[in-house]
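[1] build me a structure from this.
(one chain, ligands or ions: 2)
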Amino acid sequence: MSFVQGLRCVLCGAEYEPAAVTYVCPRHGNEGILDVIYDYAAIRKRLTREALAERREPSIWRYLELLPVERPDLIPPLQVGWTPLCRARRLGERLGLQSLWVKDDGRNPTASFKDRASAVGVVKALEGRRRTVTAASTGNAASSLAGIAASVGLPTVIFVPERAPEAKVAQLLLFGATVFMVRGSYDQAFDLCLQASHKYGWYSRNTAYNPYLSEGKKTAALEICEQLQWQAPDRIYVSVGDGCIIGGLGKGLRDLLALGLIEQSPRLIGVQAEGSAVLARAWAQGGEEIEPCAPSTLADSISVGIPRDRVKALRAVRETGGAFTVVSDEEILEAMRILAQEAGVFAEPAGAAPLAGLRRDLHEGRVDPRERIVLLVTGNGLKDVGSAIRAAGTAPHRIDPTAASLAQAVKQLGL
Ligand SMILES: *Cc1c(COP(=O)(O)O)cnc(C)c1O
Ligand SMILES: [Zn+2]
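    Ligands and ions are numbered 1, 2, ... in the order given. Take a look at the predicted model:
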């Protein structure tokens with residue numbers, strides 16, 4: 001038995017019994033994304049700081065009361081979440097900051113943040129006795145779903161656009177997913193996947209459609225605050241494509257405030273790539289109206305023309321007093337290099353974008369150096385080796401297998 005009270009439409013506020021709807025608000029169709037409502041009064045009695053300190057579970061499931069799980073026996077065996085939050089002293093010094101941390105979500109089972117959502121999605125699929133799960137994705141959501149579903153023997157059908165990076169497609173194939181590579185954009189793959197899930201009864205793990213996924217995503221906010229001994233940071237930087245992650249973090253912070261586990265919310269700072277900055281532009285114009293774009297950025301994980309979770313994303317930024325920052329692909333590549341060389345964290349482009357955003361904000365005087373700041377790194381650099389090599393901007397030194405050749409090179413390099 002979970003503490004879920006119902007599902008509430010983000011557009012009209014209508015509430016539904018969880019058993020009455022599977023995905024979205026019947027009145028609003030695909031736009032009517034649902035938010036999971038909990039019985040905070042009951043949770044408050046169990047989920048205290050002291051109770052959490054006693055828990056040994058090093059995963060998202062340590063927050064079971066705040067997750068929509070009816071059957072804990074169906075939880076997949078992989079360790080998802082409770083990723084390290086490392087103090088980044090050297091990087092902080094370089095930026096002139098006193099307190100900087102990196103939360104490395106590249107260290108999830110399939111090497112991205114998406115595992116948090118997939119794990120919850122897989123539990124819901126098993127609870128609903130679904131025989132197949134499906135997703136459309138530029139890569140990480142799909143490879144994550146394929147891996148976590150493989151751990152419980154659940155078949156997956158995945159729709160990817162043609163330009164998905166090879167490493168992510170390799171993961172899909174190795175995890176045994178059926179992969180449809182759609183000759184078209186991510187947005188077209190998304191629509192086709194939704195149609196297929198209805199037509200064939202496959203359970204949909206689609207961002208901003210399945211209401212339970214943001215519940216998995218919110219766990220990163222819970223972890224950050226617990227890992228900082230409930231002294232919430234001043235800012236959390238996160239990259240934004242569809243807006244599901246930032247919306248999920250917003251939900252986690254709302255939970256923590258409602259339960260009295262933190263006193264004040266960190267500002268959520270959404271970082272977008274110049275060539276895919278639909279939400280940042282909507283934010284700058286002060287409204288909820290978005291203008292879709294033809295996305296173009298090397299950060300494939302945040303290359304999105306029609307952000308699906310715009311309502312939750314903009315609400316999260318508004319409610320936390322946050323903001324959006326836009327960065328160029330060049331700045332992202334530079335951030336990949338700096339993050340690797342100053343903090344030892346190997347990130348894919350979207351994973352390093354938060355650092356690019358922080359550097360931009362520092363440059364423009366929007367950050368006080370005394371602020372306590374967390375960078376959320378959402379994906380591992382091995383996901384996109386081509387960009388990593390570009391970001392490094394160097395090549396190995398070729399030598400002969402002789403001491404003389406080495407000596408010459410050492411001298412040349414001044415080592
Ligand atoms: C999916 C993803 C994002 C963006 O998340 P949205 O919910 O689409 O905003 C950022 N980084 C990585 C590595 C991702 O896989
Ligand atoms: Zn509605």
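[2] make it CA atoms for all contacts and neighbour counts henceforth
    Noted.
[3] and the stretch 51-200 of the chain, which residues reach ligand 1?
    Contact residues (C-alpha under 6 Å from any ligand atom) of the stretch 51-200 of the chain with ligand 1: 112, 114, 140.
[4] just the strands from this protein, written as ranges.
    Assigned by DSSP state E, the strands in the chain fall at 4-9, 15-16, 34-38, 85-87, 99-104, 133-136, 156-161, 178-182, 203-204, 235-239, 267-273, 323-327, 372-377.
[5] okay, the residue in the stretch 251-400 of the chain that ligand 2 sits nearest to: pLDDT?
    Nearest to ligand 2, among the residues of the stretch 251-400 of the chain, is residue 311, at 12.3 Å (C-alpha to the ion). You'll see residue 311 listed with a pLDDT of 92.
[6] just residue 206 next, same as before
    pLDDT, residue 206: 86.
[7] can you get me a residue count around it?
    The number of residues packed near residue 206 is 26, by other C-alpha atoms under 10 Å.
[8] what of residue 356?
    32.
[9] cool, and residue 220?
    25.
[10] quick one: it and residue 81 touch, right?
    Yes: taking contacts as C-alpha atoms under 8 Å, residue 220 lies within contact range of residue 81: 7.4 Å.
[11] okay, the strands of the chain in TSV with mean neighbour count and distance to residue 171 next?
    Below are these laid out as TSV (neighbours: other C-alpha atoms under 10 Å; distance: least, C-alpha to C-alpha, whole Å):
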stretch	mean neighbour count	distance to residue 171
strand 4-9	20	33
strand 15-16	18	37
strand 34-38	22	30
strand 85-87	16	26
strand 99-104	23	20
strand 133-136	28	14
strand 156-161	24	12
strand 178-182	16	11
strand 203-204	26	19
strand 235-239	27	22
strand 267-273	28	25
strand 323-327	22	29
strand 372-377	25	20
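[12] distance to residue 403 added to those strands, as a markdown table?
    Below are the strands of the chain laid out as a markdown table (distance: least, C-alpha to C-alpha, whole Å):
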| stretch | distance to residue 403 |
| --- | --- |
| strand 4-9 | 68 |
| strand 15-16 | 74 |
| strand 34-38 | 65 |
| strand 85-87 | 40 |
| strand 99-104 | 40 |
| strand 133-136 | 53 |
| strand 156-161 | 49 |
| strand 178-182 | 50 |
| strand 203-204 | 59 |
| strand 235-239 | 47 |
| strand 267-273 | 47 |
| strand 323-327 | 46 |
| strand 372-377 | 41 |
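[13] return the residues of this protein in contact with ligand 2.
    Neighbours of ligand 2 within the chain, by C-alpha under 5 Å from the ion: 9, 12, 25, 28, 32.
[14] so what's the second one up against?
    Applying C-alpha atoms under 8 Å, 6 or more residues apart in numbering, we find residue 12 in contact with residue 32.
[15] for it, phi and psi?
    phi -110, psi -10 (degrees, to the nearest 10).
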